[in-house]
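*Asks:* Make a model of this:
(one chain, ligands or ions: 2)
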Amino acid sequence: MNKKTTILVVDDERGVRQSFNMVLKDEYNVLLAKNGEQAVDIFIKNPVDLILLDILLPDIDGVELLQKLKEVDASTEIIMVTAVNEIQTAVKAIKMGAYEYVIKPFDVDDVLTIIHRALEKRSLIKEVNYLRSELERFNPFEKMVGKDKKMLAIFELISTISDGDGAVLIQGETGTGKELVARAIHNRSARKNQPFVVVNCAAIPSTVMESEIFGHNKGAFTGAIHTTLGKLEIANKGTVFLDDINTLDINMQGKLLRAIQEKEFERVGSNKVFKVDVRFVAASNRSLNKLISQGEFRKDLFYRLNVFPIKLPPLVDRKSDIPLLVNHFLEVYSKKTGKAPKSFSKRALNALMRYDWPGNVRELENLIERLSTVAKKPVIQLHDISSPTRSTEKIKDMKLKDAVSEFKKRYVCEVLESVDGNRKRAAEILGIHRNTLLGKLNEEF
Ligand SMILES: Nc1ncnc2c1ncn2[C@@H]1O[C@H](COP(=O)(O)OP(=O)(O)OP(=O)(O)O)[C@@H](O)[C@H]1O
Ligand SMILES: [Mg+2]
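*Replies:* Residues are numbered from 1 along each chain as shown. Ligands and ions are numbered 1, 2, ... in the order given. The predicted model follows:
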């Protein structure tokens, strides 16, 4: 164990402090406090990983001290030290967040085991938090692919505006990558080590929206048992992503506008004004201009948010990115499934190119995810792809003759795919002579 790990022993009996010190000093830095006041003082001034805390102290009740210490830093593990007749209090302490309790007189090995376990838990939590933040930060720009001119211009724009503080408004159809862009902006900014907090306007009922954004004080309304921090407070120094801002009700739009303008707000049920330093990034999958003209969105809020506008084109307007996205997702899902990456037959890929993708990149991603799992062979064929994706080369607004010819072409293709290109089998299924099929193939393709 790292000698740097620090344990604070809080006990009013000198004998107990000394015996803990004896047992621990080889492995840990040991700090000693004889009462609550000293404990808090030492805890504030020193990094402490674990506290051994006597329940009976001269100046403060152990459980109360536990709460105080947890308020200073909730991540420090606390083990209560108790006499047999105080076990009920120890149990209460555990409910309040203590890790464990040991009973005096204690067995050295037992205490050391508990300490090791508590420190292990602490280091695991630290590691998870670290990995989580690394995962978030893992350059999302590289996760965002695109070489279409429109996308290259957007990547450039993201780089340019990342370091500013002005609000960003990302507009685009569902699944075009708005959230990805918002994260990219945050992760490329000076705020990248601070929180990126999502307010999902569409998913939160409007009745709790105010408390969700601004937080509330204990007792602010029925059911407000605890003081709860709002997303703005949590995001302080970082970025707030207001997703689906178009669904925010008009009343909340006004309150949000004030927070953005003044960079301050009040928790629900409180008069105290909190200052915040956050960057606002908002997203909408509907045209806000249209909503403004319908009186559903505040113009002033729109202008506040639209300092840096980003418009993500639908996938149908950047079809040249489809092969790139397909390969990207094939790789992503091969890593996830642990199988070798699959590929698409030319015809299958052509079908993806012809499709209009109303669900945009998300729809494409979902298809590749599904195919990566269910397609049995390494090369995905046209017949592996479900029909909506294939039938979008619309047989509409066509002369009957052209529509029939289009249908024949597709049908022949499908049958051929279904027999892995075996022309003899295909001709049998189609009920035509093999030579006629060859003729058709030459004429159609
Ligand atoms: N250019 C891109 N490169 C790689 N993956 C992308 C790209 N654009 C979108 N994606 C992926 O597509 C999925 C949908 O993207 P995202 O969630 O950002 O869309 P959205 O615009 O926020 O959609 P919605 O309006 O429905 O919330 C995500 O899994 C995202 O990683
Ligand atoms: Mg989204």
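*Asks:* Dihedrals phi and psi, residue 159?
*Replies:* Main-chain torsions, residue 159, degrees, to the nearest 10: phi -60, psi -40.
*Asks:* how's this structure carved up into domains?
*Replies:* 6-134, 140-311, 316-444 (automatic domain parsing).
*Asks:* would CSV of these with mean neighbour count be doable?
*Replies:* To be clear about C-beta, it is placed using only N, CA and C from the backbone, and glycine gets the same treatment. As requested, the domains of the chain are exported to CSV (neighbours: other C-beta atoms under 10 Å):
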stretch, mean neighbour count
domain 6-134, 16
domain 140-311, 17
domain 316-444, 15
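*Asks:* Is it possible to get a markdown table of those domains that adds mean pLDDT and distance to ligand 1?
*Replies:* Output for the domains of the chain, formatted as a markdown table (pLDDT from 0 to 100; distance: least, C-beta to the nearest ligand atom, whole Å):
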| stretch | mean pLDDT | distance to ligand 1 |
| --- | --- | --- |
| domain 6-134 | 90 | 17 |
| domain 140-311 | 91 | 3 |
| domain 316-444 | 82 | 4 |
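*Asks:* So which residues of the stretch 1-150 of the chain form strands?
*Replies:* Secondary structure of the stretch 1-150 of the chain by DSSP state E, counting those that start in this stretch: the strands cover 6-10, 29-33, 50-54, 77-82, 100-103.
*Asks:* For those strands, give me CSV that also has distance to residue 91.
*Replies:* Output for the strands of the stretch 1-150 of the chain, formatted as CSV (distance: least, C-beta to C-beta, whole Å):
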stretch, distance to residue 91
strand 6-10, 19
strand 29-33, 24
strand 50-54, 15
strand 77-82, 9
strand 100-103, 8
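*Asks:* Which one of these lies nearest to residue 321?
*Replies:* Counting by C-beta to C-beta, residue 321 lies closest to strand 77-82 out of the strands of the stretch 1-150 of the chain; the figure is 49.5 Å.
*Asks:* now for the closest one, which elements pack on it?
*Replies:* Helices and strands touching strand 77-82, by 3 or more C-beta pairs under 8 Å, 6 or more residues apart in numbering; DSSP states H and E, are strand 50-54, helix 62-72, helix 87-95, strand 100-103, helix 108-137.
*Asks:* These: which one's closest to residue 180?
*Replies:* helix 108-137 (12.2 Å).
*Asks:* next one: that closest one to chain centre, how far?
*Replies:* Taking C-alpha atoms, centre = their mean, to the nearest Å, one finds the center of helix 108-137 at 22 Å from the center of the full chain.
*Asks:* Also stretch 105-113?
*Replies:* For stretch 105-113, the distance to the chain centre is 41 Å (C-alpha atoms, centre = their mean).
*Asks:* who's in contact with it?
*Replies:* With contact meaning C-beta atoms under 8 Å, 6 or more residues apart in numbering, stretch 105-113 is reached by 23, 81, 102.
*Asks:* hey, what's the last one bridged with?
*Replies:* If I follow you right, that is residue 102. Listed by DSSP bridges, the beta-bridge partners for residue 102 are residue 81.
*Asks:* looking at it, it is touching residue 80, isn't it?
*Replies:* Yes - contact between residue 102 and residue 80 holds when scored by C-beta atoms under 8 Å: they sit 7.5 Å apart.
*Asks:* how about residue 126, what does it touch?
*Replies:* residue 75.
*Asks:* Against residue 377, how distant is it?
*Replies:* Residue 126 sits 45 Å away from residue 377, going by C-beta to C-beta, to the nearest Å.
*Asks:* Skip the chain neighbours and tell me the closest residue to residue 185.
*Replies:* Distance criterion C-beta to C-beta, 6 or more residues apart in numbering; nearest residue to residue 185, sequence neighbours excluded, is residue 162 at 5.2 Å.
*Asks:* Skipping its backbone neighbours, what lies nearest residue 148 in space?
*Replies:* Using C-beta to C-beta, 6+ apart, the closest residue to residue 148 is residue 318 (3.8 Å).
*Asks:* thinking that neighbour is in contact with residue 153, fair?
*Replies:* No - counting by C-beta under 8 Å, residue 318 stays clear of residue 153, with 11.1 Å between them.
*Asks:* Check for me that residue 309 belongs to a strand.
*Replies:* Yes - counting by DSSP: H, G, I helix; E, B strand; the rest coil, residue 309 is part of a strand.
*Asks:* ok, it - contacts?
*Replies:* Residue 309 neighbours (C-beta under 8 Å, 6+ apart): 168, 169, 171.
*Asks:* Distance-wise, check the closest residue to residue 270 other than its chain neighbours relative to residue 225.
*Replies:* With sequence-adjacent residues excluded and distances taken as C-beta to C-beta, 6+ apart, residue 270 is closest to residue 217, at 4.4 Å. Distance, residue 217 to residue 225, by C-beta to C-beta: 11 Å.
*Asks:* Compare the strands of the stretch 1-150 of the chain and give me the one nearest residue 117.
*Replies:* Taking C-beta to C-beta, strand 100-103 is the member of these nearest to residue 117, at 7.8 Å.
*Asks:* Identify all contacting residues around the closest one.
*Replies:* So strand 100-103 is contacted by 52, 79-84, 87, 90-91, 93-94, 110-111, 114, 117-118 (C-beta under 8 Å, 6+ apart).
*Asks:* Same question for stretch 354-372.
*Replies:* Here stretch 354-372 makes contact (C-beta under 8 Å, 6+ apart) with 172-177, 314-316, 322, 325-326, 329-330, 333-334, 336-337, 339, 342, 352, 380, 384-386, 388-390, 392-393.
*Asks:* who's in contact with residue 251?
*Replies:* Shown in contact with residue 251 (C-beta under 8 Å, 6+ apart): residue 206.
*Asks:* and it, what helix or strand is that in?
*Replies:* In this structure, residue 251 is located in helix 250-262 according to DSSP states H and E.
*Asks:* go on, residue 412?
*Replies:* Secondary structure from DSSP H and E places residue 412 in helix 400-418.
*Asks:* Which other helices and strands does that helix contact?
*Replies:* Right, helix 400-418 is packed against helix 423-430, helix 434-444 by 3+ C-beta pairs under 8 Å, 6+ apart.
*Asks:* roughly how far is it from the heart of the chain?
*Replies:* Distance of helix 400-418 from the chain centroid (C-alpha atoms, centre = their mean) equals 44 Å.
*Asks:* gap between residue 384 and residue 378?
*Replies:* 11 Å.
*Asks:* Same question for residue 180.
*Replies:* Using C-beta to C-beta, residue 180 is found at 29 Å from residue 378.
*Asks:* Would you agree residue 322 falls within a helix?
*Replies:* Yes - under three-state DSSP, residue 322 sits within a helix.
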